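Asker: how does the following fold in three dimensions:
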Amino acid sequence: MSRDPLGVRAVLTPARRWGPSSRTSWLRVDLGLFIGAAGLSLVGVVLVWSATRETHGAGLALKQLLAVAIGMACAVGLTRLDVRVVRALAPVVYVLAVVGLVAVISPLGSTVNGSRSWIRLPGGFTLQPSELMKVALAIGLAMLLADRADRGLRQRNRDVALAWVVAGIPVVLVLAQPDLGSALVLVAMAVVIIAAAGAPWPWTVAVVLAGVGVTVAAFTTSLLSTYQSNRLKAFLDPSLDPQGIGYQTRQVRLAIGSGGLSGQGLFAGRQTQGGYIPFQETDFVFSVAGEELGFVGALGLVLLIAFIVVRAAVVARRADTFGRLVSLGIAVWLGVQAFENIGMNLGLTPVTGLPLPFVSYGGSAMIASWIAVGLVGTVASSSSAARTGPGAA
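Answerer: Numbering: from 1, shown residues only. Got it, this is the predicted structure:
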């Protein structure tokens with residue numbers, strides 16, 4: 001008798017019985033989530049175009065539009081899968097993501113602004129494995145912890161310890177780049193997923209305290225590169241780096257403040273069009289919205305991001321354990337990352353180089369964000385099918 005060691009046949013076969021049919025699956029996808037992400041992405045392309053048109057013409061905007069198209073295609077493809085297929089493939093995805101993080105700190109990696117976070121690809125493209133690791137960690141931890149939670153059992157200490165090893169490996173590799181911002185996002189995701197899976201509370205408290213200790217060490221030791229350390233210190237005292245990050249943050253605040261209620265007009269912002277803000281299309285793209293679209297436009301971006309985060313949380317409430325943990329992890333990822341990016345534009349948080357989801361220029365971040373939307377859509381579709389399909393009876 002033939003064997004199926006990966007269990008793929010067992011995963012796929014039941015999906016034919018109760019999974020979304022070809023005629024009704026599209027009705028079960030959370031279209032609001034996709035529409036919100038599409039609107040946010042297209043606004044991001046326009047903002048990137050505005051920030052770079054004087055120096056790059058439409059080149060970067062077109063590359064960003066290509067990343068949006070690839071990401072949307074990935075998301076739509078994911079919605080055609082049963083969530084149990086995603087669960088079965090989680091270990092493979094996690095291992096591949098870890099291999100990518102190892103490769104980026106090897107001679108294959110490239111250093112930009114003090115962080116070795118990219119792998120250069122043909123055609124002028126780059127890959128940032130830390131963005132794809134966020135996807136891998138969400139489904140990896142959910143797969144690891146869902147079994148006992150499905151049976152209503154509390155997580156054992158050894159299960160939680162293994163989960164933190166799984167989370168700790170990418171965190172250490174990301175810190176080695178060094179990329180404190182992405183590491184904090186990974187830790188936040190892990191804390192919420194592991195706690196939501198039923199981990200004993202002392203584990204959560206211990207990890208939060210350890211995270212605080214690492215953050216303090218980043219400010220006070222040589223844990224980070226000189227460039228990134230200066231970024232953090234300049235948050236407390238911009239005069240420490242008046243020609244670098246101190247200059248950037250002053251220009252960003254000036255741009256946002258000058259936008260007023262309705263903005264100076266698209267492609268008409270003085271700071272943006274004058275090129276006074278370095279890396280505006282990535283770290284500080286929110287300032288383009290603040291200056292050219294004003295408070296109303298910037299608030300619209302915040303509301304769209306909040307809508308996506310809330311939709312992911314709503315899907316989590318309706319899903320099985322695996323889907324709930326995945327959707328919660330994605331909600332935390334997008335929410336924390338957006339808070340950090342907008343906060344550094346407003347001078348409320350240190351500049352750590354995190355992109356604004358769906359908005360900042362960057363192919364890896366855009367594709368990873370859309371894969372996250374696809375995963376939430378897959379969870380929503382499978383959850384709806386389980387409640388309404390023939391197998392739900």
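
Asker: what segments of the stretch 201-350 of the chain are helices?
Answerer: With DSSP state H, counting those that start in this stretch applied, the stretch 201-350 of the chain shows helices at 201-220, 226-236, 245-258, 270-274, 285-288, 294-318, 321-346, listed in chain order.

Asker: give the buried residues for the helix or strand following the last one.
Answerer: By that I understand helix 321-346. Counting by DSSP states H and E, the element after helix 321-346 in chain order, helix or strand, is helix 363-388. Under the neighbour-count criterion of 16 or more other Cβ atoms under 10 Å, helix 363-388 has 363-386 buried. Every C-beta, even on glycine, is put in place using the N, C-alpha and C of the backbone.

Asker: roughly how far does residue 138 sit from residue 283?
Answerer: Residue 138 sits 24 Å away from residue 283, going by Cβ to Cβ, to the nearest Å.

Asker: and the two? Which one has more around it.
Answerer: The neighbour count for residue 138 versus residue 283, taken as other Cβ atoms under 10 Å, is higher for residue 138 (30 against 27).

Asker: with adjacent residues omitted, what lies nearest to that one?
Answerer: In this structure, residue 138 finds its nearest non-sequential neighbour in residue 329, 3.7 Å apart by Cβ to Cβ, 6 or more residues apart in numbering.

Asker: show me the contacts for the one you found.
Answerer: 137, 138, 141, 142, 189, 192, 193 (Cβ atoms under 8 Å, 6 or more residues apart in numbering).

Asker: can you report how many residues neighbour residue 51?
Answerer: Neighbours of residue 51 (other Cβ under 10 Å): 28.

Asker: residue 268 now?
Answerer: 12.

Asker: burial of the residue lying closest to it once chain neighbours are set aside, as a residue count?
Answerer: Nearest residue to residue 268, sequence neighbours excluded (Cβ to Cβ, 6+ apart): residue 292, at 6.4 Å. Residue 292 is flanked by 28 other residues according to other Cβ under 10 Å.

Asker: show me the contacts for residue 292.
Answerer: 47, 50, 259, 263, 264, 265, 266, 267, 268, 269, 272.

Asker: ok, of those, which one's closest to residue 89?
Answerer: Comparing the contacts of residue 292 against residue 89 with Cβ to Cβ places residue 47 closest, at 34.4 Å.

Asker: check what pLDDT the residue nearest to residue 138 gets.
Answerer: Looking at residue 329, its pLDDT reads 96.

Asker: try residue 388
Answerer: Value listed for residue 388 in the pLDDT field: 57.

Asker: can you check residue 227 too?
Answerer: For residue 227, the predicted pLDDT is 64.
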